[in-house]
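Visitor: Below are the sequence and a predicted model; questions follow.
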Amino acid sequence: MQPTSDFNPSHLAKSLLRRSRQGALATLMVDSGDPYCSLVNVASSPDGSPILLISRLAVHTKNVLADPRVSLMLDERASGDPLEGARIMLLGRAEQVGAEQRDTLRRRYLNAHPSAENYADFADFSFFLIRPSGLHLVAGFGRILDLKPAQFLTDTSDAAGLLEAEQGAVDHMNADHREALSLYATRLLGAEQADWCCTGCDPEGLDLAADGKVLRLDFPERVTSPGELRKMLVRLAEEARAKRLA
């Protein structure tokens, strides 16, 4: 099928990668090579690649260590018929995170799953990053197609300053600007009033969460530095307040 003219598959795929907190992980059984599927919690790395925190005692981890080829299905969890919601099947290789990436991916994962802090540093648990080789998107009739990594991952090559300052920005927004976060969610994204908090940011947007719900606020332009991020967040807050008054 070919996508319809008003459909932006890259945007939808990116949104699902950022908003998903659980997914179905498929691995290959060590002895037989048979497919094995399990439910896992996920978070997103700065470029959108999925992060896993899994135990070496689990079958899927043993499978990954023997053969890193995996697939991961993420879906919108739409109400009603689940097949009506968009979903992606991501293909790639799951790699254990090295020391140079661990701090960044650990904090992003724990921002998405705070309760995991209770066991994240247990000896048998490790962080893995799925490096995608492709993605199959299903989003309804006429909206089924394959995407390459460049079409759904976020370019971070020019955003070192932003990524270094990310946690400070997240902490600052959560400590001092909860009203702005609430306005982003309710006025710009149409969500219900809740105790919205920020869980991450990247060059293309901001991630918000409350009561088990996750939202993605896309930036109208890329930001690559702390200064650009600050200006963007002020701009969006002003837009949200203006919308409230309109």
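Guide: Ah, there it is. Residues are numbered from 1 along each chain as shown.
Visitor: for the chain, what spans make up the strands?
Guide: Along the chain, counting by DSSP state E, strands occupy 22-28, 35-41, 43-44, 50-55, 69-75, 87-96, 125-138, 144-147, 197-202, 205-210, 213-218.
Visitor: Which of those sits closest to residue 224?
Guide: strand 197-202 (9.9 Å; C-beta to C-beta). Heads up, the C-betas are built off the backbone N, CA and C, glycines and all.
Visitor: Show me what that closest one is packed against.
Guide: helix 99-112, helix 160-176, helix 178-183, strand 205-210 (3 or more C-beta pairs under 8 Å, 6 or more residues apart in numbering; DSSP states H and E).
Visitor: can we see that at 7 Å?
Guide: For strand 197-202, the elements it packs on are helix 99-112, helix 160-176, strand 205-210, judged by 3 or more C-beta pairs under 7 Å, 6 or more residues apart in numbering; DSSP states H and E.
Visitor: which regions of this protein sit below the pLDDT cut-off?
Guide: Applying pLDDT under 70 to the chain flags residues 1-5, 78, 244-246.
Visitor: Quick check, central residue of this protein?
Guide: When C-alpha atoms, centre = their mean is applied to the chain, the residue found nearest the centroid is residue 18 (2.4 Å).
Visitor: Quick check: closest non-adjacent residue to that residue.
Guide: residue 216 (4.8 Å; C-beta to C-beta, 6 or more residues apart in numbering).
Visitor: That neighbour: neighbouring residues, count only.
Guide: 18 (other C-beta atoms under 10 Å).
Visitor: Spit out the contact partners of it.
Guide: Applying C-beta atoms under 7 Å, 6 or more residues apart in numbering, one finds that residue 216 lies in contact with 15, 18-19, 205, 207.
Visitor: For residue 61, see how far away residue 102 is.
Guide: 17 Å (C-beta to C-beta, to the nearest Å).
Visitor: give me phi/psi at residue 189?
Guide: For residue 189, the backbone dihedrals (degrees, to the nearest 10) come out as phi -110, psi 0.
Visitor: What's the separation between it and residue 182?
Guide: In terms of C-beta to C-beta, residue 189 sits 11 Å off from residue 182.
Visitor: Kindly report the same for residue 20.
Guide: Distance of residue 20 to residue 182, computed by C-beta to C-beta: 23 Å.
Visitor: same check, this time on residue 237
Guide: Residue 237 is 10 Å from residue 182, by C-beta to C-beta.
Visitor: likewise residue 128?
Guide: For residue 128 relative to residue 182 (C-beta to C-beta), the value is 34 Å.
Visitor: residue contacts, residue 166?
Guide: Contacts of residue 166 by C-beta under 7 Å, 6+ apart are 200-201.
Visitor: again, only this time at 8 Å
Guide: Taking C-beta atoms under 8 Å, 6 or more residues apart in numbering as the criterion, residue 166 is in contact with 46, 200-202.
Visitor: Out of the residues you listed, who's the most crowded?
Guide: That'd be residue 202 among those, by other C-beta under 10 Å, with 27 neighbours.
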